[in-house]
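1. Sharing a model prediction with you, sequence too.
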Amino acid sequence: MKKIIFLFITFYCSIIILNNKGAKAQVSVTDSLALIALYNSTNGAAWTSNTNWLTSNVPTWFGVTVTDTSVTKIYLGYNNLVGSIPPEIGNLNNLQELYLGYNDLSGAIPSEIGNLNNLQYLFLYGNLLSGAIPAEIGDMDSLQDLYLGYNHLSGAIPAEINNLSNLQHLDISFNQLSGEIPAGISNLTNLQYLFLYGNNLSGTIPAEIGNMNSLQKLYLYSNQFTGSIPVEIGNLNNLQDLNLSGNHLSGKIPAEINNLNNLQKLYLYNNQFTGFVDISSFATLTELKTENNKLDFSDARELRIADTLSLLTDYTYAPQDPFGMADTFNICKGDTIILSIASQDSALSYQWFKGIDTITGATDTLLIIPNVISDDQGVYTCKSYGTTLLSPPMNFGPGISEFVSEAITVNISAIILDLGSDTIFTDQPDTVILDAGTATGGTTPYTYQWQDSSLNSTFNVTAVGCYSVTVTDINTCSAADTICIALSSYIDNLSDKNFNISIYPNPNKGTFHLNFCVEKPENIIIQVINDLGQNVYKQEHKKFKGNYNKEIDISSLKNGIYMLNIIVGENTYTRNISVMQ
């Protein structure tokens, strides 16, 4: 331990001695120790150039500028610095410029960097720095240029950055920053360059950005911004470059953009813009990129006007993404499909497709399919065709002759419900359980409603009769079924012990089987009488002998109880018939 202390004291004294050698300016001990910390923390022995470091006067060290007794500039870019920035860097109170770009620095930016109140230029571009941008960076009152791009910084842009009122250039591009642009960024009224591209920033572009009157270059591309371009952006009279490409911006490009009289480059490609504007006043525009949006023939006039600008040499407008909005319709079988797209002024014709198949006769902006069936399910698109944007007459770009709509997905819900045979014959009706849970098709979950308003998927039968259920899916598509429960047979013993009558089903849906046997030729009459005593059904047979086995159809009658008379010769047999349709 004594040896280590002795070595440190010896090295410390050597720095003081180095600072006092020759005529060069002396350097404070604090600054000297901060430089040594930087050297040790970044593997100074392996730097590309470390001339005179630790071996001669501090002012002779490579990349270091000394004014009076203070270090005022450090320029060690492209110098193979590997390691982290030491917290002692914050002790260089009179440092004005710090350039450590294009090295392999890693770890976090130390919060102590906020102590550098005299720093005007901070360049940490092109390293491997990670973690959040320290809030203390907002304490650097003199900062004019802040370059933190091409690192691995994450988290939100600290609101404290809005305190840098002298800032002229802010570049934090190509990091992993997230969250929104702080609205207070409009406090940076001296800012000329704002480079936030290549991050994961989201939300809308704040309207307050229109207050940054000194702004010349605004690069927000390759983020996740949504919403429309704020109209206030038209207040940026000094703006020369505007790059909003590669986001999720939508809506129409605001007319106020025409106020940007000094604009030279306008990049709007790879967004979801649905309308362009007349930019004929852009006399200074040299580059315009609008491809891969949702423009269509409705924007042909504006695109052709842009094509006539005298200084424009780099202009692309094709291809375009599908126009309109993707949508999904869940239609019940038997309903009517109505699909439409907006009419496009300069379009010559339209054609609808189902998948890749052309729909014959569907050549309008409106597609109507009545009484849909399962085969109508699929993905529909519409193409518009025209010649106004072909090249020539367009001067730039490959030209475009057709636009396609976003896909419209149509799902047909068809519920299949079958409770089983129309009639269940049993001698013990109270043992029957009906199950509507066997329904298939449509979109689950289902709801159930039986004739007594019960809502379970199953129903416990208590007596003979007809039972109905309606099954409805999540899209309100439904199917219904009815089943009747009847005793296996009826035997009438009122008139003749030896005359057997079988009626089934009873109750029924308007049709039932009647079976009896006549041993000798007799005239027979079959009658159905309603509750008013009216004969509503009659069938006669002369000199009938043998087995009578026929289906009686009274389905045209309303639901109710009817009296069935079977007249055989001089004998009459009567039963009640229940019709439940």
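-> Everything's here; your move.
2. Please make it C-alpha for all contacts and neighbour counts, starting now.
-> Noted.
3. Show me how this protein divides into domains.
-> Using automatic domain parsing, the domain ranges for the chain come out as 1-173, 180-321, 327-412, 423-485, 492-579.
4. could I get the ones you listed as JSON lines with mean neighbour count and mean pLDDT?
-> Putting those into JSON lines (neighbours: other C-alpha atoms under 10 Å; pLDDT from 0 to 100) gives the following:
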{"stretch": "domain 1-173", "mean neighbour count": "18", "mean pLDDT": "89"}
{"stretch": "domain 180-321", "mean neighbour count": "20", "mean pLDDT": "95"}
{"stretch": "domain 327-412", "mean neighbour count": "17", "mean pLDDT": "93"}
{"stretch": "domain 423-485", "mean neighbour count": "17", "mean pLDDT": "86"}
{"stretch": "domain 492-579", "mean neighbour count": "15", "mean pLDDT": "82"}
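5. For the closest residue to residue 189 other than its chain neighbours, grab phi and psi.
-> Excluding the flanking residues, the one nearest residue 189 by C-alpha to C-alpha, 6 or more residues apart in numbering is residue 212, at 5.0 Å. Phi and psi for residue 212, reported as degrees, to the nearest 10, are phi -90, psi 80.
6. Does residue 212 touch residue 191 like I think?
-> Yes: look at residue 212 against residue 191 with C-alpha atoms under 8 Å: they come within range, at 7.0 Å.
7. so when I look at residue 283, I'm seeing a strand, right?
-> No: with DSSP: H, G, I helix; E, B strand; the rest coil as the criterion, residue 283 is assigned coil and is not in a strand.
8. Which residues are in contact with the closest residue in space to it that isn't next to it in sequence?
-> Using C-alpha to C-alpha, 6+ apart and skipping residues adjacent in sequence, the residue nearest residue 283 is residue 309, 6.7 Å away. Shown in contact with residue 309 (C-alpha atoms under 8 Å, 6 or more residues apart in numbering): 280, 282-283, 285.
9. just the strands in the stretch 101-250 of the chain please.
-> In the stretch 101-250 of the chain, the strands defined using DSSP state E, counting those that start in this stretch lie at 104-107, 121-123, 128-131, 145-147, 152-155, 169-171, 176-179, 193-195, 200-203, 217-219, 224-227, 241-243, 248-252.
10. quick one: which of the ones you listed is nearest residue 356?
-> For residue 356, the closest of the strands of the stretch 101-250 of the chain is strand 248-252, at 27.9 Å, according to C-alpha to C-alpha.
11. what are the C-alpha coordinates of the closest one, in PDB please?
-> Once non-C-alpha atoms are left out, strand 248-252 reads as follows in PDB (Å, rounded to 0.1, in the frame of the first residue of the first chain):
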ATOM      1  CA  HIS A 248     -47.000   7.200 -40.300                       C
ATOM      2  CA  LEU A 249     -48.200  10.700 -41.100                       C
ATOM      3  CA  SER A 250     -51.600  11.000 -42.700                       C
ATOM      4  CA  GLY A 251     -54.200  13.400 -44.000                       C
ATOM      5  CA  LYS A 252     -53.700  16.000 -46.600                       C
END
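12. so residue 151 touches residue 125, yeah?
-> Yes: Residue 151 is in contact with residue 125 according to C-alpha under 8 Å; the separation is 6.9 Å.
13. in the chain, which spans are helices?
-> Counting by DSSP state H, the chain has helices at residues 2-20, 29-41, 300-306.
14. So what touches the second one?
-> Meaning helix 29-41. Helix 29-41 has contacts (C-alpha under 8 Å, 6+ apart) with 15-16, 44-45, 54, 58, 70-71, 82-86, 88-89, 91-92.
15. got JSON lines for the strands of the stretch 101-250 of the chain, with distance to residue 469 too?
-> Converted to JSON lines, those look like this (distance: least, C-alpha to C-alpha, whole Å):
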{"stretch": "strand 104-107", "distance to residue 469": "68"}
{"stretch": "strand 121-123", "distance to residue 469": "75"}
{"stretch": "strand 128-131", "distance to residue 469": "62"}
{"stretch": "strand 145-147", "distance to residue 469": "71"}
{"stretch": "strand 152-155", "distance to residue 469": "57"}
{"stretch": "strand 169-171", "distance to residue 469": "68"}
{"stretch": "strand 176-179", "distance to residue 469": "53"}
{"stretch": "strand 193-195", "distance to residue 469": "65"}
{"stretch": "strand 200-203", "distance to residue 469": "50"}
{"stretch": "strand 217-219", "distance to residue 469": "63"}
{"stretch": "strand 224-227", "distance to residue 469": "48"}
{"stretch": "strand 241-243", "distance to residue 469": "61"}
{"stretch": "strand 248-252", "distance to residue 469": "48"}
